[in-house]
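J.: sharing a model that was predicted from the sequence below.
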Amino acid sequence: MERVNPLANKLKVILAGMVFNLYWLLAVWGQYRFVYILFFILLVTWFLEAKAWRFSLLAALPGIVIDSLLKQWNIFEFGVPNRAPLFIDFTTIGLIPTWLMMLWLGFTTFVWSIRDTITSISTKWLLVAGSIGSALSYWSGMKLEAVFFTLPVFDTSLILMLIWLALTRYMLWLLSIFNKRAN
């Protein structure tokens, strides 16, 4: 097992966190306006982080499917695009908007980037943080008018926390699979 410099790891987590927060803001506040920038950041990160794209695709797929189902079940609504979507408009085939798919890919790439730190934290705390933090992220998206809840905020938040409990567990399991393959 390779030895990790604690200071370098902390700096990497801080830098990755700052980049992801900027990425999140560009995706949620900017939606289609900045999707090209999101795409560029994602490609650069995948180029710099070996295996990140594999983990990201496998980790993001369930989230994209679940958010698309929540959209189909009218738990979420999204506004009309403020700009032409990148490549195609996925909402016409029942999926979530492109910017939200990019956010999923960016988030799971962020998880990959800080995997050493994530795997050093207790699973129970990660499950709590994943479920509550993610519900707050959707709530923030609602406040920025990127997504609209059709149910009361409490009900939607509870649904999201339960979903994210399962998604966090899945991502932790997937990280353990990728870590076993690396050793």
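T.: Done, it's in.
J.: and the residue positioned nearest the centre of the chain, what does it touch?
T.: Taking C-alpha atoms, centre = their mean, the centroid of the chain lies closest to Phe107, which sits 3.0 Å from it. By C-beta atoms under 8 Å, 6 or more residues apart in numbering, Phe107 lies in contact with 20, 24, 60, 63. Every C-beta, even on glycine, is put in place using the N, C-alpha and C of the backbone.
J.: any idea which helix or strand comes after the host helix or strand of it?
T.: Taking DSSP states H and E as the definition, Phe107 sits inside helix 98-113. Following helix 98-113 in sequence order, the next helix or strand is helix 115-118 (DSSP H and E).
J.: could you pull out the helices for the chain?
T.: Under the criterion DSSP state H, the chain contains helices at 6-28, 35-48, 52-72, 98-113, 115-118, 123-143, 153-182.
J.: roughly how far is the worst-scoring helix or strand of the chain on mean pLDDT from the heart of the chain?
T.: Across the helices and strands of the chain, mean pLDDT, DSSP states H and E gives its lowest value to helix 6-28, namely a mean of 82. Relative to its chain's centre, helix 6-28 lies at 13 Å (C-alpha atoms, centre = their mean, to the nearest Å).
J.: would you quantify the distance from the residue nearest to the centre of the chain to Val44?
T.: Distance from Phe107 to Val44, counting by C-beta to C-beta, to the nearest Å: 16 Å.
J.: with Arg169 instead?
T.: 29 Å.
J.: low-confidence bits of this protein, can you list those?
T.: Along the chain, the model assigns pLDDT under 70 to residues 1-9, 80-92, 182-183.
J.: cutoff 90 now
T.: Within the chain, the ranges that satisfy pLDDT under 90 run 1-21, 23, 30-36, 48-52, 77-99, 113-123, 126, 129-130, 145-146, 178-183.
J.: circling back: highest mean neighbour count out of the helices of the chain?
T.: The highest mean neighbour count among the helices of the chain, using mean count of other C-beta atoms under 10 Å, belongs to helix 98-113: a mean of 24.
J.: and that one with helix 6-28, angle?
T.: Between helix 98-113 and helix 6-28, the angle comes out at 170 degrees (axes from the mean of the first three to the mean of the last three C-alpha atoms, to 10 degrees).
J.: tell me the angle helix 98-113 makes with helix 123-143.
T.: Our comparison of helix 98-113 with helix 123-143, counting by the same axes, to 10 degrees, yields an angle of 160 degrees.
J.: chain center to helix 98-113: distance?
T.: That offset, for helix 98-113, works out to 4 Å (C-alpha atoms, centre = their mean).
J.: likewise for stretch 58-77?
T.: In terms of C-alpha atoms, centre = their mean, the centre of stretch 58-77 is found 12 Å from the chain centre.
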